[in-house]
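Participant: Build me a model from this:
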Amino acid sequence: MAEAPSGIVWREQHPVINDKCNQCLECTLYCPEGALGEEKGRVTVSLNLCNGCGTCAVECPQQAIVMVPEFEGDRGVFPLKEGKS
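Facilitator: Numbering: from 1, shown residues only. Here you go, the predicted structure:
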């Protein structure tokens, strides 16, 4: 987790569930924020609740959860949108 000078905290990574998931729901037992759940027979992630800690990825017995960066590139440097200078 990173903290801005204003004190706002945001996550640096978030979970993505891949095809290895067998819906055992074990990840939901370990998520400290309750961000993982089951909907229509699939494991879902609520990014509004996820803090990016990665506990779900570590505890998944199928290695079906991968943590991916929120953004790529240099920290604090955001690319300009096309057409803007």
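Participant: tell me, how many neighbours does V45 end up with?
Facilitator: 18 (other CB atoms under 10 Å). To be clear about C-beta, it is placed using only N, CA and C from the backbone, and glycine gets the same treatment.
Participant: Tell me what it is bridged to.
Facilitator: L36 (DSSP bridges).
Participant: Quick check on the residue most central in space within the chain: phi, psi?
Facilitator: Most central in the chain under CA atoms, centre = their mean is H14, positioned 1.6 Å from the mean C-alpha point. Note on H14: backbone dihedrals following degrees, to the nearest 10 are phi -140, psi 160.
Participant: low pLDDT regions in this protein?
Facilitator: Along the chain, the parts satisfying pLDDT under 70 run over 1-9, 72-85.
Participant: need the helices for it, in chain order.
Facilitator: 26-30, 55-59 (DSSP state H).
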